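> Provide a 3D model corresponding to the input given below.
(6 chains)
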4 protein chains.
Amino acid sequence: MTADPKTRLRADARRNRDHILAAAREMFAAQGLDIPMEEIARAAGVGVGTLYRRFPDRDSLILAVAQEAFTQVIDDARAAAAEEPTGWAALERLIGRSRGLQVSFQLAWSSARARDILLADPNTGRLRDALMAELARIVAAAQAEGTMRPDVGAGDIAVLLVLLLRQPPVGRGPMRFGLDRAVAIMLDGLRASSTNPLPGDPISDADLPFDGEHAAAMSRLRSSRDR
Amino acid sequence: MTADPKTRLRADARRNRDHILAAAREMFAAQGLDIPMEEIARAAGVGVGTLYRRFPDRDSLILAVAQEAFTQVIDDARAAAAEEPTGWAALERLIGRSRGLQVSFQLAWSSARARDILLADPNTGRLRDALMAELARIVAAAQAEGTMRPDVGAGDIAVLLVLLLRQPPVGRGPMRFGLDRAVAIMLDGLRASSTNPLPGDPISDADLPFDGEHAAAMSRLRSSRDR
Amino acid sequence: MTADPKTRLRADARRNRDHILAAAREMFAAQGLDIPMEEIARAAGVGVGTLYRRFPDRDSLILAVAQEAFTQVIDDARAAAAEEPTGWAALERLIGRSRGLQVSFQLAWSSARARDILLADPNTGRLRDALMAELARIVAAAQAEGTMRPDVGAGDIAVLLVLLLRQPPVGRGPMRFGLDRAVAIMLDGLRASSTNPLPGDPISDADLPFDGEHAAAMSRLRSSRDR
Amino acid sequence: MTADPKTRLRADARRNRDHILAAAREMFAAQGLDIPMEEIARAAGVGVGTLYRRFPDRDSLILAVAQEAFTQVIDDARAAAAEEPTGWAALERLIGRSRGLQVSFQLAWSSARARDILLADPNTGRLRDALMAELARIVAAAQAEGTMRPDVGAGDIAVLLVLLLRQPPVGRGPMRFGLDRAVAIMLDGLRASSTNPLPGDPISDADLPFDGEHAAAMSRLRSSRDR
DNA sequence: GATGAATGAGCGTTCATTCAT
DNA sequence: TATGAATGAACGCTCATTCAT
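Modelled structure (predicted):
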């Protein structure tokens, strides 16, 4: 009823921002992180200036795309935990679906530089904690059901997830199919029927994957900037 | 008495080539594929001109480093097959050792561009065939022993290997340890005791991993060059 | 009872204009002539759009600031002539105070570009004439008193004034003190007791300082714009 | 007799360097310090890359031009002291000739930024000391002769010199002539016959002009870089 | 054959100016 | 009329590659 001009303006800006993020996600995935900023802008249908108004430099764009992707993984884990009847089903869905998130997530991990940018941001820690909490919940449920071997922790699941998420996107070829089977093999290795002892203790949700790396990433970024 | 100048020259040239390859391997791993050619030359102790004499452009240097790494994986598979008493032991050694090869291998797969360069080279097909043949031998042996589930093929092992090799190098942190456990989980999933059916048929040594990608990679490279 | 909206608007506009000029004067002095327009707008508390409404481009803003500064010098000369008891006292005050005007004046002369903008404006000629007339009055008075050497003209004073005004602003260091002494030395050189002949004839108020430069400045500006 | 290739190469490099410096000196003077690097390169007859090989950024080019100009002033002072029969004659020549050096020197002082670059360089201190030593020698000689008033020091001369050197270059118009007269007026103010007391004490060669500014300039440059 | 100086295309980034709201 | 988002031209700088020595 009341057309708020401020809201309208914001809608435009937000639309631009979203276009830029979507374009960046796709271009990064397709061409790598060093795609010219101008091409991203063109793909988003805006001028370079607008891109730079929203994201003051390439790093901040990479960070935004990466955290968006990270957030999607968390949302997916949360949805799986909430909607699936059993912990094992949630686990299967999460690891199975994970390849669907690949396209957006893998870029975040595709280069040492991208990783550093992500780790150097303080918000990343919170995202990590949220994801690990979700995984811990799923693992606990599956183990309580007796479907998952008891000697693994949320950190172990995170490692497997990262293995899968880091792969470059696959289309519809044999590799895609091979990944489905690899996931199934991993899941079999996680079943309660697997009794061969694993090395060391379960990796809890406090151990992985980037604890203590924040400072290191920051200093690496700083020194690379000075170079 | 008279040292043949040509032979002497060749020895020098070979030394230079080796220095350059070693420097490139290290710099690529440490700094990424877009390290300036001049820094590689400096690290190799030669001038840029010499570097360009041996490798006419950056792509050919990347290709040489990548194929060298690929060859190491093959050698390792061959050695595992030859020296281990059982197929399962060879498999364990290969997958376990794989992380040792990571450092040199992952660079070859670290970017879409590097992958295209590798795939576009006709020699890569031969290397792939050699690796798959080795894996097929190990799988057949392990299945004959009854230690490996019968519904997997050499291609499945290749997929798992690629999952592991593509990870960025890890030092001695929790991630390193997590990878050891992930490997153990995968191995458990491969044991004969795993009876949950896998989706589809075993992936044979003819299906994976880059069949049909040669032409695609060539055209991608060509179009990126024209851009 | 009813405040005329037009009048109100004009008051607002004038306030905006004044804020912009004040902000520009300070930012120009502190950061140089190439400070971003947006920063000037922010310092003035208006949007860039408003700034551009008042001053259609950077040059016209520079011109406005410069002429404002010029006007201050004239006002000061006029006040000195009116308020001081003797011509010599007026001269001392003018040259002595000149450093107080420095801060705002020197920016107008700090770059070839600013000078051209100023010279290209037809109004500058009127300001120059007003200043020279004032100086001529002071010089005539001082010479009539017998305190100033007779072989100098208003133009000579203008040159000395320009020498001082063009200096970048000094704080409270040794340079500030040094300038006080330099002024005293100059004044001593101007006294009637100085009898060493000066080269050429006195520079009258018609000779200096930018006669014939108007056209040159305009063509320089034009060609720099075309470049 | 022996053509040393190394020397020849160096000669080429040096020639390039000299061309670049000469072009920069002229372009800076004519167009200001923010002339595009590419135009300087073009004027020097080299590519931008070569310019950047010799001077890694604009600041270092400004610094080189400025110090070259500074060195010329020192050389001139030294020559005047050595070749003129009296201290007063040396002083007259130095201050008179100073406008000849203007063209190259004034750029060094034409902007706060240039001044900071110059002051931040540790070598500048040595140049300053050399110049002040020369001025002190000239002043002492002229005062010993009884031609210069005894209550001025080398620092006072430096201030006057700076006043003149900071002026933008003048061609052959009335301003040029006016400067000749201004110089004569200043010289008259410096004669032994001037007996009006100056404010404060003579400025010695230890007081001026940039003592203690090195650190300040460095921090200003640093903070402007962060902006 | 080896060297490293020179080139210049190309990308990141900034900012003057315009214009939709 | 005021605002500030959008645009894109322009410049600083880097680095792959070439070529004179």
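> For the rest of this, base every contact and every neighbour count on C-alpha atoms.
OK.
> where does the residue nearest to the spatial centre of chain A fall, phi/psi-wise?
Nearest to the geometric centre of chain A sits A:Phe70, at 3.3 Å (CA atoms, centre = their mean). Torsion angles at A:Phe70 (phi, psi; degrees, to the nearest 10) stand at phi -60, psi -40.
> Do I have it right that it meets A:Asp129?
No. A:Phe70 sits out of contact with A:Asp129 when judged by CA atoms under 8 Å, with a separation of 11.5 Å.
> what residues does chain A put near chain B?
Residues of chain A lying near chain B by CA under 8 Å from any CA of the partner chain: A:30-32, A:110-112, A:155-156, A:159-160, A:163-164, A:166-168, A:174-175, A:178-182, A:184-190, A:194, A:196, A:198-200, A:203, A:207-209.
> what about 7 Å?
Proximity of chain A to chain B, by CA under 7 Å from any CA of the partner chain, involves residues A:32, A:110, A:156, A:159-160, A:163-164, A:174-175, A:178-179, A:181-182, A:184-186, A:188-190, A:194, A:196, A:198-199, A:207-209.
> Now do A:Asn123 against C:Asp12, distance only.
44 Å (CA to CA, to the nearest Å).
> Hmm, I typed the wrong one, I wanted A:Ile20.
39 Å.
> Which one's more surrounded, the two?
Using other CA atoms under 10 Å in any protein chain shown as the criterion, A:Ile20 and C:Asp12 rank with A:Ile20 on top: 25 against 12.
> isn't there a strand covering A:Ser193?
No. Assessed with DSSP: H, G, I helix; E, B strand; the rest coil, A:Ser193 is coil; it does not lie in a strand.
> burial of the residue in chain A positioned nearest to chain B, as a residue count?
Going by CA to the nearest CA, chain B is nearest to A:Gly189 of chain A, at 3.8 Å. Applying other CA under 10 Å, we find 26 residues neighbouring A:Gly189.
> That one: which element?
Here A:Gly189 sits within helix A:174-190, counting by DSSP states H and E.
> for A:Ser60, same thing?
helix A:58-83.
> tell me what that helix is packed against?
If contacts are counted by 3 or more CA pairs under 7 Å, 6 or more residues apart in numbering or on different chains; DSSP states H and E, helix A:58-83 sits against helix A:87-105, helix A:112-120, helix A:122-145.
> Tell me which residues of the helix or strand bottoming out on mean pLDDT in chain A come out buried.
Using mean pLDDT, DSSP states H and E, the weakest-scoring helix or strand in chain A turns out to be helix A:213-226, at a mean of 71. Using 16 or more other CA atoms under 10 Å in any protein chain shown as the test for burial, helix A:213-226 gives A:214, A:217-218, A:220-221.
> again, but for stretch A:62-80
Using 16+ other CA under 10 Å as the test for burial, stretch A:62-80 gives A:62-71, A:73-74, A:76-78, A:80.
> re the thing from before, as TSV, the helices and strands packed on helix A:58-83 with mean pLDDT would be great.
What follows is these, written out as TSV (pLDDT from 0 to 100):
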stretch	mean pLDDT
helix A:87-105	77
helix A:112-120	81
helix A:122-145	91
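> Out of the ones you listed, the one nearest D:Arg54 is which?
helix A:112-120 (30.3 Å; CA to CA).
> Next one: the closest one, is it in contact with DNA strand F?
No. Judged by CA under 7 Å from any atom of the strand, helix A:112-120 makes no contact with DNA strand F; its nearest approach is 14.0 Å.
> Pull the distance from that helix to the chain's centre.
Offset of helix A:112-120 from its chain centre (CA atoms, centre = their mean, to the nearest Å): 13 Å.
> Could I get the CA-only coordinates of it as PDB?
The C-alpha coordinates for helix A:112-120 follow below in PDB (Å, rounded to 0.1, in the frame of the first residue of the first chain):
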ATOM      1  CA  ALA A 112      45.800 -21.500  -1.500                       C
ATOM      2  CA  ARG A 113      45.000 -17.800  -2.000                       C
ATOM      3  CA  ALA A 114      41.200 -18.300  -1.800                       C
ATOM      4  CA  ARG A 115      41.600 -20.400   1.300                       C
ATOM      5  CA  ASP A 116      43.700 -17.800   3.000                       C
ATOM      6  CA  ILE A 117      41.200 -15.100   2.200                       C
ATOM      7  CA  LEU A 118      38.500 -17.200   3.700                       C
ATOM      8  CA  LEU A 119      40.400 -18.200   6.800                       C
ATOM      9  CA  ALA A 120      41.600 -14.600   7.400                       C
END
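> Give me the helices and strands touching that helix, please.
helix A:58-83, helix A:213-226.
> how about the last one, does it reach DNA strand F?
Meaning helix A:213-226. No. Shown here: helix A:213-226 not in contact with DNA strand F (CA under 7 Å from any atom of the strand), separated by at least 9.7 Å.
> Could you do the longest one as well?
No. Shown here: helix A:58-83 not in contact with DNA strand F (CA under 7 Å from any atom of the strand), separated by at least 13.4 Å.
> gap between that helix and the chain center?
The chain centroid and the centroid of helix A:58-83 are separated by 5 Å under CA atoms, centre = their mean.
> swap in stretch A:154-169?
9 Å.
> List the buried residues of it.
Residues A:154-169 are the ones in stretch A:154-169 that count as buried (16+ other CA under 10 Å).
> repeat for stretch A:84-97
Within stretch A:84-97, the residues scored as buried using 16+ other CA under 10 Å are A:86-96.
> got it, and stretch A:49-65?
Using 16+ other CA under 10 Å as the test for burial, stretch A:49-65 gives A:50-51, A:54-55, A:59-65.
> So for that stretch, mean pLDDT?
Average pLDDT, stretch A:49-65: 93.
> Secondary structure class of whichever residue of chain A sits closest to DNA strand F, three-state.
Proximity of chain A to DNA strand F (CA to the nearest atom of the strand) peaks at A:Gly49, 2.9 Å away. With three-state DSSP as the basis, A:Gly49 sits in helix.
> do the same with A:Asp201
coil.
> Burial check on it, number of neighbours?
Other residues near A:Asp201 come to 13 when the count uses other CA under 10 Å.
> how about the nearest residue to it, chain neighbours excluded?
In space, and not counting its chain neighbours, A:Asp201 is closest to A:Asp151: 7.2 Å by CA to CA, 6 or more residues apart in numbering or on different chains.
> what's the neighbour count on A:Asp34?
10.
> Can you say which helix or strand has the residue in chain A that chain C sits nearest to in it?
Closest approach between chain A and chain C, counting by CA to the nearest CA: A:Arg53, at 13.4 Å. Assigned by DSSP H and E, A:Arg53 belongs to helix A:48-54.
> do that helix and DNA strand E meet?
Yes. Using CA under 7 Å from any atom of the strand, helix A:48-54 reaches DNA strand E at A:48-49, A:52.
> Quick one: list the elements packing against that helix.
For helix A:48-54, the packing partners by 3+ CA pairs under 7 Å, 6+ apart are helix A:37-44.
> And the helix it packs on, what does it pack against?
Short answer (3+ CA pairs under 7 Å, 6+ apart): helix A:37-44 packs on helix A:5-31, helix A:48-54.
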